[in-house]
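Trainee: Sharing a model that was predicted from the sequence below.
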Amino acid sequence: MSSEIEQKSYNGLLVSRYNSDNIYPLLPLLSEEFPNWSLDKIKNYVQLVTSKKSEEVAGMLVAQNEALYYVGFLIYTFQSISTEYLSTNEKEEFTNGLVIENILASSPILKREIFLEIIEYAINIAKKNNCKFIELPNFDETYKLVQNKYRNKIIKINDFRTVINLS
């Protein structure tokens, strides 16, 4: 499942795939998301997610503001789930999807906008890789803009899993 999607600029945000081994520009965000992890553990995780070998199973997206500061990131994996959870009438037993493993925005004020834009980019990647769903982390108030935009496609599987049906 590879994807070649160009950088896109939304509402002053530049969203793109992160393919660098240099974690230092992202370190403030990564340290906030993984506060108990050592620098080496964070670096190894990012290298694993962004390596060419893992491009078919995982990836990392970043959002930058107009001054090119990193203001958010999203780490995803491609996974399969049973079609019964998506309430589809497909004959397949399992279907592919993009699962958001980690997502973070640096600004509490702009969190909703950053999440919407970076999830939009992830949805484009999912569609280009024939995914039928995108799984979101714990669905709370920070996903309000996503919820408003995809209201008719959101399926709450359980207390921990919410998906957007892309089919």
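Mentor: Alright, I've got the coordinates. Owing to the predicted nature of the structure, the values given are computational and were not obtained by experimental measurement. Residues are numbered from 1 along each chain as shown.
Trainee: Now the helix or strand encompassing residue 32: buried residues?
Mentor: Using DSSP states H and E, the secondary-structure element containing residue 32 is helix 27-33. Burial within helix 27-33, assessed by neighbour count using 16 or more other C-beta atoms under 10 Å, is assigned to 29-30. Glycine gets a C-beta too; all of them are placed from N, C-alpha and C.
Trainee: Next secondary structure element downstream of it?
Mentor: Next along the chain from helix 27-33, counting by DSSP H and E, comes helix 39-50.
Trainee: who's in contact with that following helix?
Mentor: Residues lying outside helix 39-50 but in contact with it, judged by C-beta atoms under 8 Å, 6 or more residues apart in numbering, are 18-21, 23, 26-27, 30-31, 34, 37, 54, 58-60, 75.
Trainee: again with stretch 18-36
Mentor: Contacts of stretch 18-36 from elsewhere in the structure, counted by C-beta under 8 Å, 6+ apart, are 39, 41-43, 45-47, 50, 60-62, 70, 72-73, 102, 104, 106.
Trainee: May I see the ChimeraX selection of the buried members of those?
Mentor: To isolate the buried ones among the contacts of stretch 18-36 in ChimeraX, judged by 16+ other C-beta under 10 Å, type:
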select :42,43,45,46,50,60,61,62,70,72,73,102,104,106
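Trainee: What separation do you get for residue 140 and residue 95?
Mentor: Per C-beta to C-beta, to the nearest Å, residue 140 is found 26 Å from residue 95.
Trainee: Show me which of the two is the more surrounded one.
Mentor: Set side by side, residue 140 and residue 95 show more neighbours around residue 95, with 21 against 10, by other C-beta atoms under 10 Å.
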